[in-house]
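Engineer: Whatever this is, show me its structure:
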Amino acid sequence: MTNNNEADDNKPKNPPTAYDSPWKDILQIYFKEFMQFFFPAVYEQIDWTKEITFLDKELEEVTKDAEIGRRFADKLVKLHLKNGQEELLLVHVEVQAQEEQEFGARMYTYNYRIYDNYKKPVMSIAVLADSNPNWRPSQFGYSLFGCKVNFEFPTVKLIDYQQRLAELENDRNPFATVILAHLAALNTTSDRNERKVQKLALVRRLYEREFEKQDILNLLAFIDWMLTLPADLEAEFKIEVRQLEERQSMQYVTTFERDAREEGKEEGKKEGKKEALIKGISLGLRLKFGDRGQDLLPEIETIDEVDTLEAILEAIETTATVEELQQIYQPTIE
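Structural biologist: Numbers count the residues shown, from 1 in each chain. Just a heads-up that it's a prediction; the model follows:
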């Protein structure tokens, strides 16, 4: 077995983007569980029988000229309270690995821009996923000649859960798994052999806790994004997962988009290329983009050109949004 402590070449080429996508996906899939886990008092005031609306395009429009870069996973959510009021909630996931002086000011800017656009109060939440225990921004303000601004926002610091691992292990809320995967990624940055061990332990936990199949697939996608492995250790990981599978009744889908692409091409030789490619695309869409990805499937199924379908399958791994993916094939169906 190779020592991979210095396997820097195997790290994601664009760490911010690699973090951004899985966080956005998991927040949208498990927003209710997110609120229940981190903000139980607020959770109790929300009317979960009413529709929850994610305003991604609206948020992008409101903040398009802000200097936000690509390090952030933001969700603007429209929801209803039990008292009948409709409210807006901004969830901001900060994945930068070092302190940033302007973070509080940015949270304030987002908040007032959204208020200005909707004329509604906005609850802003910051999830700090960095590794600096001393960086805990929760306020922005200033005072000048009797004019005062004081903006405070609740934060969650994920590394605080390092002291609560046993509690997380026993918690069936999907965000307990999310935090465990995030902490494992932080703790194994310089030891990829240990990362493989912890990744396998997380997979085993999902089986042993008897999560629903769809929850397992959703959480495995997040785990796979967070705990990347060099090719040799990934191969070992797959073998050990298959051995684990033999003792379980549920099928595990390994390496997600990468395997979906390869399996789709391979199956094409046996059962008709178009059908096999659609099958691989469907799997890749579901695991990378969730429901929004599955919404693309009906129009993709109308495509007959095998080359276009192969291009879509290849592009699932590299595109960051469903809109980017649509650009691959839309000219062929217009």
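Engineer: was I right about Gln45 contacting Gln85?
Structural biologist: No. With contacts counted by C-beta atoms under 8 Å, Gln45 stays clear of Gln85, the gap being 9.6 Å. For every residue, glycine as well, the C-beta is placed using N, CA and C.
Engineer: What is the burial count for Asp215?
Structural biologist: Residues lying near Asp215 (other C-beta atoms under 10 Å) number 17.
Engineer: do the same with Lys57
Structural biologist: Neighbour tally, Lys57, other C-beta under 10 Å: 10.
Engineer: outside of the host helix or strand of it, which residues touch it?
Structural biologist: Remark: Lys57 resides in helix 56-62, with elements defined by DSSP states H and E. If you take C-beta atoms under 8 Å, 6 or more residues apart in numbering as the criterion, helix 56-62 is touched by Asp74, Lys75, Leu76, Leu90, Tyr110, Arg113, Ile114, Asn117.
Engineer: contacting residues for the residue lying closest to Tyr161 once chain neighbours are set aside?
Structural biologist: Distances taken as C-beta to C-beta, 6 or more residues apart in numbering put Ile179 closest to Tyr161, at 5.1 Å, once the chain neighbours are dropped. By C-beta under 8 Å, 6+ apart, the contact list for Ile179 reads Leu158, Tyr161, Leu168.
Engineer: any idea how far Ala185 is from the first one?
Structural biologist: This means Leu158. Separation of Leu158 from Ala185 (C-beta to C-beta, to the nearest Å) stands at 10 Å.
Engineer: same thing with the second one?
Structural biologist: Tyr161 sits 13 Å away from Ala185 when distances are taken as C-beta to C-beta.
Engineer: The two: who's more crowded?
Structural biologist: The residue with the greater number of neighbours, taking Tyr161 and Ala185 and applying other C-beta under 10 Å, is Ala185; the counts read 20 against 16.
Engineer: hang on, the more buried one packs against Leu227?
Structural biologist: Yes. Counting by C-beta under 8 Å, Ala185 does reach Leu227; the two are 5.6 Å apart.
Engineer: Can you work out which residues contact both of the two?
Structural biologist: Where contact means C-beta under 8 Å, 6+ apart, the residues bridging Ala185 and Leu227 through contact with each are Arg195.
Engineer: Now Asn218. Nearest residue, chain neighbours left out?
Structural biologist: Ile29 (5.5 Å).
Engineer: wait, isn't the one you found in contact with Gly290?
Structural biologist: Yes. Assessed by C-beta under 8 Å, Ile29 is found in contact with Gly290 at 5.4 Å.
Engineer: what about stretch 89-98, average pLDDT?
Structural biologist: The pLDDT scores in stretch 89-98 average 62.
Engineer: since we're on Thr308, how many residues are nearby?
Structural biologist: Thr308 is surrounded by 17 other residues when neighbours are defined as other C-beta under 10 Å.
Engineer: in which helix or strand would I find it?
Structural biologist: Per DSSP H and E: helix 306-318 holds Thr308.
Engineer: what's the following helix or strand after that helix?
Structural biologist: On the C-terminal side of helix 306-318, the closest following helix or strand by DSSP H and E is helix 322-333.
Engineer: Identify the residues contacting that following helix?
Structural biologist: Identification of contacts with helix 322-333 by C-beta under 8 Å, 6+ apart yields 289, 292-293, 295-296, 299-300, 302-303, 305, 308, 311-312, 315-316, 319.
Engineer: What are the buried residues along stretch 52-60?
Structural biologist: Ile52, Phe54, Leu55, Asp56, Glu58, Leu59 (16 or more other C-beta atoms under 10 Å).
Engineer: confidence score at Asp20?
Structural biologist: Confidence for Asp20, expressed as pLDDT, is 53.
Engineer: same question, Arg209
Structural biologist: 85.
Engineer: Identify the residues contacting it.
Structural biologist: Arg172.
Engineer: go with 10 Å
Structural biologist: Contact partners of Arg209, counting by C-beta atoms under 10 Å, 6 or more residues apart in numbering, are Glu169, Asn170, Asp171, Arg172, Ala176, Thr177, Asp215, Ile216.
Engineer: Of all pairs in those residues, which one spans the longest distance?
Structural biologist: Longest distance between any two of those is 17.7 Å, between Asn170 and Ile216; criterion C-beta to C-beta.
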